[in-house]
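**Q** Kindly return the folded structure for what I paste below:
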Amino acid sequence: MITSILVSSLFLFYFSTTLAAQEYSIILGRPTDKSVTASIHSANDAEYFISYGTGKEVLDHTIPIRILKAEQSEDIEISQLQPNTRYYYTLSYKKTNSSSFTSSPLYTFITQRSRGSSFRFVIEADEHLYDKKGVRSLYKITLENQRKDSADFMISLGDTFGDDHTPYETTTDDMKELHKDYLQYLGLVCHSMPFYFCLGNHEGENGFYMKEKPKENIAVYGTLWRKYYYPNPYPNDFYSGNIQKEEFGIEQPENYYAWTWGDALFIVLDVYRHCDINEKPKNWDWTLGEEQYTWFKKTLEQSSSKYKFVFAHHTRGQGRGGVLTAKGYEWGGYEINKNIWEFDKYRPNWELPIHQLMVKHHVSVFFQGHDHLYAKEELDGIIYQEVPMACDSTYEIGVLANADAYTGIVLDGSGHLRVSVDSNDVTVDFVRAYLPADTLDSHHKNREIAYSYSLNKLTSTRNYSHNTSLVTTYWKHDNLVIECGEASPPLRSVEILSLQGETIKKIHYENSVYRYFLVTDMLPQGLYIVKTELENNYSKVQTIQILR
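**A** Numbering: from 1, shown residues only. Just a heads-up that it's a prediction; the model follows:
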């Protein structure tokens, strides 16, 4: 244990000192079958050149010396590469007043995988460093955990660069600093793991803000600084996406896009930019927009990939939950509160709601963020996968606030998802991240696998993941009743918490239990959180009112 603590402490010390001394950052993006784009940022007036090749010892190609001014970034395309090939590179760098170049460590990337190839990618979400929900020291650990996965690329599902809490006071300088802030973190790993970005609600890049004070608004500022520091895909002979050009220097906004890699199709959606009715859209106001919908439909129709993955910050932009929101409005066609089909009325020229379109074209997994917890659900053969918050040091912000919006496997914890793809199957692992101090007196370890499943090897989890009747909690005759369905896994524990998250009572069970009457004489009347845990990592969190 002492050795583990020492290693973790040295890791944090190493990266904090490295960041303090960092003179440049490299963020890779837009990998294709024959190129990759490197966004180089320099802290000083400097010169640099890039050497690269297919062997660690032989970097036989060079991008000639370039000049950067202090605090500037520029995109360099490394091109004329071979597909499905591992490349290695170094950046040689010197300040303009230095006499010699210093070379970086050896970095790496791979071009587009061929069909039948095995590969990994990783997903993180809701970093939230700007509003202190996200903890910087834990974020470094999450990033290091991703680096150890040797992934081909990383996808972030947004609420990263924000902050839209003060949309009318936020300036372009504010947005510059918020975006630039992540260079010191993403620069630790994205020199060898290309970065894809999916817009969240807190990025402020929505259609309503775009129309406010044209040119001088948070949406324009956010788009320009995101594009400046982080090279997202735009339509070319490898990527498809948004072909519309925007004003105020934005040009192509790089907000939604698709590509194939190995046996998988990847589609990243933007559920915010085309919502311009008001500042707080509701119900049918939430829309992909007709152009994005038409592109999405065409992309699915034309794909022959074995696996199809779709990514967005959330099904309907705001709201909470996965499959519960998937049934409503543009996503599912129904007016949820009345259970009335209204799709033909509100989207008369569209073929199908988004969920039904994904079902028709056999989407494998829909990945979303927004709710700050891990949740795996299924609806009509599609896995709805909520991605946990990357760096919540309480490990339970999302579970306490949003777990009751989900009906399947619900887990607390921070970290990332690791997705392994091969020609036979896809495996999704929840890799937890812990601060060293939080592993001292617990059974948890950093990089532990909290939950894992494979698309083609699903157990009985698949049969009950969307069954809301698995666990029912209710108040009756001065007792709190916990009742499990006969087909559910056995009950393992019941925990009562205050609304502040403090544990009041917790009971563990060794044998199968399907109904439990919990006497609550010691609790005053009021609202409480009840968390039930079953076998197979199923958990459910509900808010219960105790009456006297």
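**Q** Who does the spatially closest residue to Q72 that is not a sequence neighbour form a beta bridge with?
**A** Computed as C-beta to C-beta, 6 or more residues apart in numbering, the closest residue to Q72 that is not its neighbour in sequence is S42, at 6.3 Å. Any C-beta I mention is one placed from the backbone N, CA and C, and that applies to glycine too. Beta-bridge partners recorded for S42 (DSSP bridges): Y24, Q72.
**Q** V268 versus S42, what's the distance?
**A** Here the distance between S42 and V268 works out to 29 Å (C-beta to C-beta, to the nearest Å).
**Q** Neighbour count: these two, which is higher?
**A** Neighbour totals were compared for S42 and V268, and V268 leads with 26 against 22 (other C-beta atoms under 10 Å).
**Q** Helices of the stretch 51-200 of the chain, residue ranges please.
**A** Listed in chain order, the helices of the stretch 51-200 of the chain (DSSP state H, counting those that start in this stretch) span 136-148, 172-180, 183-186.
**Q** Hmm, the residue nearest to Q72 is touching L91, no?
**A** No. When contacts are counted by C-beta atoms under 8 Å, S42 is not listed as touching L91 (10.4 Å).
**Q** any residues in contact with both of the two?
**A** Overlap between the neighbourhoods of S42 and L91 consists of 24, 48, taking contacts as C-beta atoms under 8 Å, 6 or more residues apart in numbering.
**Q** I'd like to know how far the residue nearest to Q72 sits from I482.
**A** Following C-beta to C-beta, the distance that separates S42 from I482 is 59 Å.
**Q** hang on, H41 packs against Y230?
**A** No. Taking C-beta under 8 Å as the definition, H41 is not a contact partner of Y230, at 10.5 Å.
**Q** Give me the common contacts of these two.
**A** Joint contacts of H41 and Y230 (C-beta under 8 Å, 6+ apart) are I27.
**Q** Model confidence score at G398, please.
**A** What the model reports as pLDDT for G398 is 93.
**Q** which residues touch it?
**A** 371-373, 388-389, 392, 412.
**Q** now A433
**A** With contacts defined as C-beta under 8 Å, 6+ apart, A433 is in contact with 138, 141-142, 145, 390-391, 414-416, 446-447.
**Q** Tell me how far it lies from D152.
**A** Remark: distance between A433 and D152 (C-beta to C-beta) = 21 Å.
**Q** Likewise for L400?
**A** Following C-beta to C-beta, the distance that separates L400 from D152 is 34 Å.
**Q** Please name the bridge partners of the nearest residue to K531 once chain neighbours are set aside.
**A** Leaving out its chain neighbours, the residue that sits closest to K531 by C-beta to C-beta, 6+ apart is E495, at 4.5 Å. Applying DSSP bridges to E495 yields these beta-bridge partners: K506, K531.
**Q** rewinding a little: looking at the contacts of A433, which is nearest F248?
**A** The closest of the contacts of A433 to F248 turns out to be A390 (C-beta to C-beta; 30.9 Å).
**Q** How about that closest one: what's its closest non-neighbour residue?
**A** Counting by C-beta to C-beta, 6+ apart, the nearest residue to A390 once its immediate chain neighbours are dropped is E124, at 4.4 Å.
**Q** The one you found: what's it in contact with?
**A** Contacts here follow C-beta under 8 Å, 6+ apart; on that basis E124 touches 142, 146, 154-157, 387, 390, 416-417.
**Q** same thing but at 6 Å, please
**A** In this structure, E124 makes contact with 156, 390, 416, judged by C-beta atoms under 6 Å, 6 or more residues apart in numbering.
**Q** Quick check: the last one touching V122?
**A** Yes. Distance between H416 and V122: 5.3 Å, which falls inside the contact criterion (C-beta atoms under 6 Å).
**Q** Contacts for stretch 361-371 next, please.
**A** With C-beta under 6 Å, 6+ apart, stretch 361-371 has contacts from 123, 125-126, 157, 300, 307-314, 320, 382-387, 398, 402, 455.
**Q** I appreciate the help and will end here.
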